[in-house]
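**Q** using only what follows, build the 3D model:
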Amino acid sequence: MTNTAQRASHAPAGPEHHPHLPFWRRYIFSTDHKVVGIQYGITALVFLFIGYGLMALMRWQLAYPGQPIPVFGKWLLWALGPDMAGQGIMSPDLYNSFGAMHGTIMVFLAVVPLAAGAFGNYLVPLQIGAPDMAFPKLNMASYWVYFLGGVVMLISFFIPGGAAKSGWTSYSPLATITDAAYLINGQSLWLIGMVLLITSSLLGSVNIITTIIQLRAEGMGWLRLPFLVWAQLVTAFLLLLAFPPLEAAGIMQLVDNLFGSSFFLPTGLVVGGQPLDVSGGGSPLLWQHLFWFLAHPEVYVLILPALGIVAEIIANNTRKPIFGYKSLVYSAMAIGFISFLVWAHHMYLTGMGTRISTFFQTTTMMISIPSVIILTSLMLSLWGGRSGSTRRCFSRSRSCRCSGSAG
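**A** Sure, this is the predicted structure:
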């Protein structure tokens, strides 16, 4: 045996060789959780900027009603036509479209994908010691379904009649009778976009839950997980349980719009002094119940990842574990559970009755308790914190703990 062969036979086994992937596989249709997280983050920030732009134009309209919009007025006229922005002046229909799409973009296309999609995909596997998400291809699919849903939402601005005008809550019967002259209108595309966005959230939430349960590093028990991971886990369960009712409601409203059914249209509906030719028998309140059954847990979908991020920042900068780690975990789980029992406090004016209103008033007060516990723990974590750089913290000893997990 030659010397070269002997050295090769005794050489330690190196890392497994991976073939070089082309650009479109590495950065576009990637299954790497870090790349997918960055894709979610960049796309969500772009949508955040678009939503901010719509809000700024609405503010201009309120400040200077009936006047041409400077700079952007000519572009709106060219892109949307004279019916929506004649002479660069925002029409009432365009204002309503901007209001509906601003709310939709900020909630469903910006903050949720940024909090759960970007931070969840990028940080959760790193914090639990997992090599990647449990289902990498499903992870890639969730991003592209989300991206497609956002594109469908934006395309609705450029079809006849413009984008959805019924607010981000899309209440029936207004959402069905608005732009009824067009078979495929902005509201129909809004509903199709929402179905895609909800599907994306379901795929992502299943992936995060499975990853945390199955791919934790050896020895990492449930009460040793960083609080950010707990926040992402509770958020994923909220998305998984709260989004399907709204997806079903969106499909039913889409059928109302396209095929003349009446899931949400009542009998004897009169529009402009003329009775509407619908079969009737539906309930507009059913839409509100299905919508708010998601939309109130959605509040905690937005805030829980942010609280997890704040907890990690505080733990890192105070150089000590978070105060009351178990209280934080149990409070996050309590928020997740109670958030499904408070949705109808958005519907006090619908005539539910005193007893039902009292129940939702009580649960609304109850959910403030775990919220206050979390905020109190975060504030008490600042007590006795050490100043200085992270380098000093790690140079003192290897046992110095600067993470938010339990010690």
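
**Q** OK, contacts around the spatially closest residue to S97 that is not a sequence neighbour?
**A** In space, and not counting its chain neighbours, S97 is closest to A163: 4.1 Å by Cβ to Cβ, 6 or more residues apart in numbering. Where you see a C-beta, it was placed from the backbone N, CA and C, and this is true even at glycine. By Cβ atoms under 8 Å, 6 or more residues apart in numbering, the residues touching A163 are S97, A100, M101, M153, S156, F157, G186, L189, W190.

**Q** and if you look at G129?
**A** Neighbouring residues of G129 by Cβ under 8 Å, 6+ apart: L215, R216, A217, M220.

**Q** buried among the residues you listed? Make that a PyMOL selection.
**A** Selection of the buried residues among those in PyMOL, burial being defined by 16 or more other Cβ atoms under 10 Å:
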select buried, resi 215+216+220
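
**Q** just put the contacts of G129 in a markdown table and tack on distance to M84 and pLDDT.
**A** Formatted as a markdown table, the contacts of G129 follow (distance: Cβ to Cβ, whole Å; pLDDT from 0 to 100):
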| residue | distance to M84 | pLDDT |
| --- | --- | --- |
| L215 | 50 | 93 |
| R216 | 52 | 93 |
| A217 | 55 | 93 |
| M220 | 55 | 90 |
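
**Q** between the contacts of G129, which sits nearest G167?
**A** Nearest to G167 out of the contacts of G129 is L215 (Cβ to Cβ; 40.7 Å).

**Q** the closest one against I128, yeah?
**A** Yes - checked against Cβ atoms under 8 Å, the pair L215 and I128 is within contact range at 6.6 Å.

**Q** so where do the strands sit in the chain?
**A** Under the criterion DSSP state E, the chain carries strands at the ranges 270-271, 274-275.

**Q** and the ones you listed, which one is worst for confidence?
**A** Of all the strands of the chain, the minimum mean pLDDT falls on strand 274-275 (a mean of 64).

**Q** buried sites along stretch 24-38?
**A** Within stretch 24-38, the residues that qualify as buried by neighbour count (16+ other Cβ under 10 Å) are F29, S30, T31, D32, H33, V35, V36, G37, I38.

**Q** same thing with stretch 322-335?
**A** Under the neighbour-count criterion of 16+ other Cβ under 10 Å, stretch 322-335 has I322, F323, G324, Y325, L328, V329, S331, A332, A334, I335 buried.

**Q** could I get these as a markdown table with distance to L148?
**A** Below are those laid out as a markdown table (distance: Cβ to Cβ, whole Å):
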| residue | distance to L148 |
| --- | --- |
| I322 | 39 |
| F323 | 43 |
| G324 | 42 |
| Y325 | 40 |
| L328 | 36 |
| V329 | 36 |
| S331 | 36 |
| A332 | 32 |
| A334 | 36 |
| I335 | 31 |
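
**Q** show me those residues that map onto helices.
**A** If you go by DSSP state H, the buried residues of stretch 322-335 have Y325, L328, V329, S331, A332, A334, I335 in helices.

**Q** and which of those is nearest to I50?
**A** I335 (30.3 Å).

**Q** pretty sure that closest one is touching A231, no?
**A** No - the pair I335 / A231 is not scored as a contact, 9.8 Å apart, by Cβ under 8 Å.

**Q** give me the common contacts of the two.
**A** Both I335 and A231 are contacted by L304, under the criterion Cβ under 8 Å, 6+ apart.

**Q** quick revisit: buried only: go through the contacts of A163 for me.
**A** S97, A100, M101, M153, S156, F157, G186, L189, W190.

**Q** now do the phi/psi pair for G219.
**A** Backbone torsions of G219, given as degrees, to the nearest 10, read phi 90, psi -10.

**Q** let's have the chain start at 55 instead
**A** Happy to do that; since the first residue is 55 now, the last one works out to G273.

**Q** so K88 sits against Y176, correct?
**A** Yes - in this structure K88 lies within contact range of Y176 using Cβ under 8 Å: 5.7 Å.

**Q** output the below-cut-off pLDDT ranges for this structure.
**A** The model of the chain has pLDDT under 70 over residues 55-73, 324-333, 441-461.

**Q** which one's the longest helix in it?
**A** Assignment by DSSP H; longest helix in the chain turns out to be helix 338-372.

**Q** buried set for that helix?
**A** Within helix 338-372, the residues that count as buried by 16+ other Cβ under 10 Å are 338-339, 341-352, 354-359, 361-366, 368-369, 371-372.

**Q** which strands and helices sit next to that helix?
**A** helix 166, helix 173-182, helix 281-313, helix 379-392, helix 422-434 (3 or more Cβ pairs under 8 Å, 6 or more residues apart in numbering; DSSP states H and E).

**Q** how about the second one: buried residues?
**A** Of the residues in helix 173-182, F173, G174, N175, Y176, L177, V178, P179, Q181, I182 count as buried by neighbour count, 16+ other Cβ under 10 Å.

**Q** what angle sits between it and helix 281-313?
**A** With axes from the mean of the first three to the mean of the last three Cα atoms, to 10 degrees defining the directions, helix 173-182 sits at 150 degrees from helix 281-313.

**Q** please consider this matter closed, and thank you.
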